[in-house]
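S.K.: Sequence below, structure please.
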Amino acid sequence: MNFEIKGTDGAARAGVVTTAHGTIETPIFMPVGTVGSVKAVTQLQLETEINAQIILGNAYHLYLRPGTAILENAGGLHKFNGWNRPILTDSGGYQVFSLAANRKIKEEGVVFQSHIDGSRHMFSPEKVMQIERSIGADIIMAFDECPPYPSEYIYAQKSMELTHRWLQRCITQLVATEPLYGYEQTLFPIVQGGIFKDLRQASASFVASMNCDGNAIGGLSVGEPEEKMYEMCALCCELLPANKPRYLMGVGTPWNILENIALGVDMFDCVMPTRNGRNGMLFTNKGIINIKNKKWEADFSVIDEELDCHTSRYYTKAYLRHLFIAGEILGMQIASIHNLAFYLDLVKQARIHIINGDFYGWKNEMVPILKSRL
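M.R.: Residues are numbered from 1 along each chain as shown. Down below sits the predicted model:
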């Protein structure tokens, strides 16, 4: 993997990440395809309407089904799901965090029960690296523990230290093994430390010392106030190498993305555009729409005329509302495509403004618009 910065405006950066499956222009938003599919959206739509440059998969979910044997027989996730552009896989650390009632954390790894059938499994750093080798993503995440919010200081500290020890084991395992499908995979370590300034600084410094080709910031957007998220992100960006991509995991709203781009983040992912879309919430260039509201019943204007997306400029608000009220699956698909196209267009516009040198003025105008409810 290679990363080249093409322009800056203050801390905000516009760059290009090059992988075996193509290039990614940053800042970028990555649609979440947890089990090898972005919910309600086809790969063709991701390419042609949404213009997605990279999607996510998840080691925990893909390990449980279809399983690594199927993925290896297929030749990796790219061939299994027919997506020929870059893929990033999360290690499953966040999923283990969300299974708090059904898992036990120890030095060796995490013993957990499957959310599907209750079967017991163990994830160690070594096992997770093997799983991510089998999946074959271009960018793979180190196995970490994500502490909940709120956490006591001592818990966050011990969790961070465990994550650091696991990271060293992940690196050792990767060095000892070869990729399965003829191209390199790039490991991103994850900064943890909760909302404690000294822990975040210690973790970012440790992660930077590992000299990996990219770095991630985890454990945010888990319930803490937005101001705390921005404070912790800023601390991390100050310490993580400027010549390597920075990935803020699981974030977030459109305005969260713009504010964190302003702090120096390059890569984002979140289930929000698809999950909220399936529930009738649309993000637009004029603000947020709850399409189920009666006010849209006879509104025959298109969803978002400013967006270069066929779906957004073809279907009307009245028709989309009708689909949701009638319980038609097509409504969920249209809303998901629109929201993803909006997110991808937003980071594209951010990139343009960074290169033009007027990002901060544009960002400050956009944030209150994006937060407004129509």
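
S.K.: use CA for all of it now, contacts and neighbours both
M.R.: OK.

S.K.: What are the contacting residues of stretch 229-245?
M.R.: 3-5, 17, 191, 195-197, 200-201, 204-205, 207-208, 213-215, 217, 220-221, 246, 259-260, 263-267 (C-alpha atoms under 8 Å, 6 or more residues apart in numbering).

S.K.: cool, stretch 308-327 as well?
M.R.: 49-50, 280, 291-293, 296-307, 329-332, 334-335, 337-338, 341.

S.K.: likewise stretch 180-187?
M.R.: 1, 20, 75-76, 133-134, 136-142, 171, 179, 212-214.

S.K.: Buried ones among those residues?
M.R.: 1, 20, 75-76, 133-134, 136-142, 171, 213-214 (16 or more other C-alpha atoms under 10 Å).

S.K.: Can you flag the buried ones in the contacts of stretch 308-327?
M.R.: Looks like the contacts of stretch 308-327 have 49-50, 280, 291-292, 296-297, 302-304, 307, 331-332, 334-335, 337-338, 341 buried, using 16+ other C-alpha under 10 Å.

S.K.: thought residue 169 was touching residue 128?
M.R.: No: using C-alpha atoms under 8 Å, residue 169 is not in contact with residue 128, being 10.5 Å away.

S.K.: Show me which of these two is the more surrounded one.
M.R.: residue 128 (26 against 18; other C-alpha atoms under 10 Å).

S.K.: Can I get stretch 316-329 as CSV, trimmed to CA atoms?
M.R.: C-alpha atoms of stretch 316-329 as CSV (Å, rounded to 0.1, in the frame of the first residue of the first chain):
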residue,chain,number,x,y,z
THR,A,316,-39.6,12.0,-5.8
LYS,A,317,-40.1,12.4,-2.0
ALA,A,318,-43.8,11.6,-2.4
TYR,A,319,-43.1,8.3,-4.1
LEU,A,320,-40.4,7.3,-1.6
ARG,A,321,-42.7,8.1,1.3
HIS,A,322,-45.4,6.0,-0.4
LEU,A,323,-43.0,3.1,-0.6
PHE,A,324,-42.2,3.3,3.1
ILE,A,325,-45.8,3.7,4.2
ALA,A,326,-46.7,0.7,2.0
GLY,A,327,-43.8,-1.4,3.5
GLU,A,328,-42.1,-1.9,0.1
ILE,A,329,-38.5,-3.1,0.1
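
S.K.: Tell me the gap between that stretch and the middle of its chain.
M.R.: 28 Å (C-alpha atoms, centre = their mean, to the nearest Å).

S.K.: Can you list the buried residues in it?
M.R.: Buried-residue list, stretch 316-329, by 16+ other C-alpha under 10 Å: 316, 317, 318, 319, 320, 321, 322, 323, 324, 325.

S.K.: go on, stretch 203-223?
M.R.: Result for stretch 203-223 [16+ other C-alpha under 10 Å]: buried residues 203-208, 213-222.

S.K.: Go through those residues and say which is closest to residue 356.
M.R.: Distances from residue 356 to these, taken as C-alpha to C-alpha, are shortest for residue 214 (25.4 Å).

S.K.: So the closest one is in contact with residue 188, correct?
M.R.: Yes: using C-alpha under 8 Å, residue 214 is in contact with residue 188, at 5.2 Å.

S.K.: Helices - which of the contacts of stretch 180-187 land there?
M.R.: Secondary structure from DSSP state H places 133, 134, 171 of the contacts of stretch 180-187 in helices.

S.K.: Need those residues in JSON lines (columns: distance to residue 362 and pLDDT).
M.R.: Shown next, in JSON lines, are those (distance: C-alpha to C-alpha, whole Å; pLDDT from 0 to 100):
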{"residue": "133", "distance to residue 362": "41", "pLDDT": "98"}
{"residue": "134", "distance to residue 362": "43", "pLDDT": "98"}
{"residue": "171", "distance to residue 362": "40", "pLDDT": "98"}
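
S.K.: so of the contacts of stretch 180-187, which ones are in strands?
M.R.: 139, 140, 141 (DSSP state E).

S.K.: Quick check: the gap between the second one and residue 226.
M.R.: The reference is to residue 140. 27 Å (C-alpha to C-alpha, to the nearest Å).

S.K.: Where is the longest helix in this protein?
M.R.: helix 329-356.

S.K.: Which helix or strand lies directly C-terminal to that one?
M.R.: helix 359-371 (DSSP states H and E).

S.K.: residues in contact with that following helix?
M.R.: With C-alpha under 8 Å, 6+ apart, helix 359-371 has contacts from 9, 12, 254-255, 258-259, 262, 283-288, 350, 353.

S.K.: Go through it and flag the buried ones.
M.R.: 359, 360, 363, 366, 367, 369, 370.

S.K.: Pull the number of nearby residues for the residue nearest to residue 147 when sequence neighbours are not counted.
M.R.: Leaving aside its chain neighbours, residue 147 sits nearest to residue 156 (6.2 Å; criterion: C-alpha to C-alpha, 6 or more residues apart in numbering). Look at residue 156: counted by other C-alpha under 10 Å, it has 24 neighbours.

S.K.: Could you list the low-confidence segments of this structure?
M.R.: 97, 100 (pLDDT under 70).

S.K.: Bridged to the residue positioned nearest the centre of it, which residues?
M.R.: Centrality entry for the chain: nearest residue to the mean C-alpha point is residue 269, 2.0 Å, by C-alpha atoms, centre = their mean. Beta bridges link residue 269 to residue 30 when assigned by DSSP bridges.

S.K.: Now do the helices in the stretch 151-300 of the chain.
M.R.: 153-176, 197-209, 226-239, 254-261, 272-278 (DSSP state H, counting those that start in this stretch).

S.K.: Okay, residue 69 and residue 290: tell me how far apart.
M.R.: 43 Å.
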